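Asker: sequence plus the predicted model coming up.
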Amino acid sequence: MLKGIIFDSDGVLVDSMPYHAQAWVQVFKEEGIDVRKEEIYEVEGANHVGVINTIFRKTDKKPGKDNYDSLLTKKREHFMKNSKAEPFDGMLECLQSLKGSYKLAVASGADKTIVNDLMDRFYPGIFDVRITGEDVENGKPDPEPYVKAAGRLGIDAVECMVVENAPLGVQSAKKAGMYCVAVATYIPTEKVAGADRVFKDHPSLIAYLKGLAVSEDPGQRTN
């Protein structure tokens with residue numbers, strides 16, 4: 001029986017990933033590393049440690065111990081200064097319709113300051129649990145973010161459904177043993193084909209989620 005739904009934030013709840021990508025591009029540029037936005041999209045869902053490690057591996061440089069905190073701080077500053085992120089149309093109403101029937105959590109690779117700011121502004125009082133990139137040792141595609149979210153909700157993995165939009169997030173959810181649906185927000189649908197169900201856009205995802213208010217089996221929904 002489905003008891004809880006865990007949502008990724010960027011690209012699922014909030015149209016914010018372009019601003020994350022631009023912030024990382026700028027931060028790495030200041031480090032003498034040229035990065036394209038597309039390279040950041042490929043590691044969407046990873047926490048800052050994963051992003052930094054991945055990008056540095058493509059160069060002859062290695063991140064020092066102090067790099068992780070300093071680059072995260074700079075990235076956060078760029079994001080907060082330049083972000084024009086907005087919630088996806090219809091998502092707040094959708095979540096409000098689900099809240100009475102399911103426990104709800106958000107599990108994001110972004111840092112705590114950004115996640116809390118976005119959730120407090122756009123989804124106040126909606127989520128029972130928030131997991132950020134700073135709350136885990138191992139970010140997506142490791143299952144830890146979703147395992148921790150389920151644990152804090154007090155339910156088993158098989159009682160959870162994950163809503164994702166990124167390949168690393170889909171991998172994380174499936175490794176955690178959870179049913180996963182994905183929306184292809186910024187990438188082709190085939191990039192998230194590892195999910196149990198894939199939706200081409202938010203209207204179709206929202207129609208499916210609203211149907212869960214009257215169905216306890218996510219696999220039986222056909223919208």
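Answerer: Received, thanks.
Asker: immediately after the lengthiest helix in the chain, which helix or strand?
Answerer: When the chain is parsed with DSSP state H, its longest helix is helix 65-82. For helix 65-82, the following helix or strand on the C-terminal side (DSSP states H and E) is strand 86-87.
Asker: show me where the chain has strands.
Answerer: Assigned by DSSP state E, the strands in the chain fall at 4-7, 14-15, 86-87, 103-107, 129-131, 160-164, 179-183, 197-199.
Asker: the last one: which residues count as buried?
Answerer: Looking back up the chat, that one is strand 197-199. For strand 197-199, the neighbour count (16 or more other CB atoms under 10 Å) marks Arg197, Val198, Phe199 as buried. Heads up, the C-betas are built off the backbone N, CA and C, glycines and all.
Asker: what do you get for the fourth one?
Answerer: Neighbour-count burial for strand 103-107 flags Lys103, Leu104, Ala105, Val106, Ala107 (criterion: 16+ other CB under 10 Å).
Asker: which residues are in contact with the third one?
Answerer: In this case it means Ala105. Applying CB atoms under 8 Å, 6 or more residues apart in numbering to Ala105 gives the contacts 4-7, 127-131, 149-150, 152-153.
Asker: beta partners for it?
Answerer: Judged by DSSP bridges, the bridge partners of Ala105 are Ile6, Val129.
Asker: the nearest residue to Glu159 once chain neighbours are set aside: neighbouring residues, count only.
Answerer: Leaving aside its sequence neighbours, Glu159 sits nearest to Lys3 (CB to CB, 6 or more residues apart in numbering; 4.2 Å). Lys3 has 17 neighbours, counted by other CB atoms under 10 Å.
Asker: from Met161, how far out is Lys3?
Answerer: For Lys3, the distance to Met161 equals 9 Å [CB to CB, to the nearest Å].
Asker: swap in Val147?
Answerer: 14 Å.
Asker: same thing with Gly211?
Answerer: To Met161, Gly211 is 12 Å away according to CB to CB.
Asker: quick one: contacts for Glu31?
Answerer: Contacts of Glu31 (CB under 8 Å, 6+ apart): Lys61, Leu71.
Asker: state the phi and psi torsions of it.
Answerer: Glu31 adopts backbone torsions of phi -90, psi 0, taken as degrees, to the nearest 10.
Asker: can you pull the pLDDT of it?
Answerer: Per-residue confidence (pLDDT) for Glu31: 90.
Asker: go on, Gln220?
Answerer: Gln220 is assigned a pLDDT of 47 by the prediction.
Asker: picking that back up, from the buried residues of strand 103-107, pick the one nearest Leu95.
Answerer: Leu104 (6.6 Å; CB to CB).
Asker: shouldn't the closest one be in contact with Phe127?
Answerer: Yes - here Leu104 reaches Phe127: they are 5.2 Å apart, a contact under CB atoms under 8 Å.
Asker: joint contacts of these two?
Answerer: Common contacts of Leu104 and Phe127, defined by CB under 8 Å, 6+ apart, comprise Phe7.
Asker: domain ranges for this protein?
Answerer: Domain assignment for the chain by automatic domain parsing gives 4-15+85-216, 17-82.
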